[in-house]
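1. with the sequence up front, the predicted model follows.
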Amino acid sequence: MTKVVPTALRSALAPFFFCALLASPQALAQETTPRADKHYIGLLATAINHRTIGPAAERAWGSAATLVVGGHITDLFHAELRAGGGYKDAEVPDSDFTLAVDYFASWYIGMHYPLGEYANIYGQFGFSYIHGEATLENPEADRNVFYRSFGEEFPDSGFSTSWLAGLDIEVMDDTFLVFEGGKLFEDTGSEVNSFQFSGGLRYEF
């Protein structure tokens, strides 16, 4: 009788020991994919702010859409490629001058740092190629005097260094709301500085 009771007790408790094993940190770690093994894709709406346009140092806003594809190198470092296309040209105030970014492509390497369990801040540095055009109507008008020296191709120098700083917040499993800003390019020919401000979603897999 004394042998039967412990055997029955072990049989009854066996399922609980099995569940406890699965709930252990080691088991959970095995089920969760490490971030270093993940890739991601994102879609962002981007506002492009062109600054120091001409001697009058005017500013103008354009809009673009940006596709992001990347991967985590480690739990803290990542690398990514971006491709964007403009859908709203930047009209310079008090003139007939317009700057258009037709498309751009960027490569970045960066570092992200967790803020609690559901958010990260990040910074990244890289290079961009930009293709666009500048359009000046009524060049003889006095209001356009500062923009007559611009050529039709914009920017004059297609390649430039770029950087970004941002914040992401996990709103669903592996889905992040992204807010970021930084420099897209600097045109060494016209000295126009163009900054990018984006918001959208990123999904990790």
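-> Perfect, thanks for sending it. Numbers count the residues shown, from 1 in each chain.
2. with adjacent residues omitted, what lies nearest to G123?
-> By the measure of CB to CB, 6 or more residues apart in numbering, the closest residue to G123 outside its immediate chain neighbours is A165, 4.8 Å from it. Where C-beta positions appear, they are placed from N, C-alpha and C, glycine not excepted.
3. identify the bridge partners of that neighbour.
-> A165 has these beta-bridge partners by DSSP bridges: G123, G181.
4. over to the one 4 residues further on?
-> The bridge-partner assignment for I169, based on DSSP bridges, gives A119, L177.
5. I'd assumed E117 was in contact with it.
-> No. With contact defined as CB atoms under 8 Å, I169 does not reach E117; the gap is 10.8 Å.
6. which of the two has more residues huddled nearby?
-> Of the pair I169 and E117, I169 is the one with more neighbours under other CB atoms under 10 Å, namely 14 against 6.
7. contacting residues for the more buried one?
-> Applying CB atoms under 8 Å, 6 or more residues apart in numbering to I169 gives the contacts Y118, A119, F176, L177.
8. could you identify the most distant pair in those residues?
-> Y118 and L177 (10.2 Å; CB to CB).
9. please, where are all the helices along the chain?
-> Ranges of helices in the chain, per DSSP state H, are 4-22, 25-31.
10. neighbours around the residue nearest to G123, how many?
-> Look at A165: counted by other CB under 10 Å, it has 13 neighbours.
11. thought K183 was touching it, still the case?
-> No. Look at A165 against K183 with CB under 8 Å: they stay out of range, at 10.2 Å.
12. list the residues that contact A45.
-> Taking CB under 8 Å, 6+ apart, we find A45 in contact with S63, A65, T66, S198, G199, G200.
13. now the last one: closest residue in space that isn't a chain neighbour?
-> What that stands for is G200. L44 is the one closest to G200 (CB to CB, 6+ apart), at 3.5 Å.
14. ok, that neighbour - how many residues close by?
-> Look at L44: counted by other CB under 10 Å, it has 22 neighbours.
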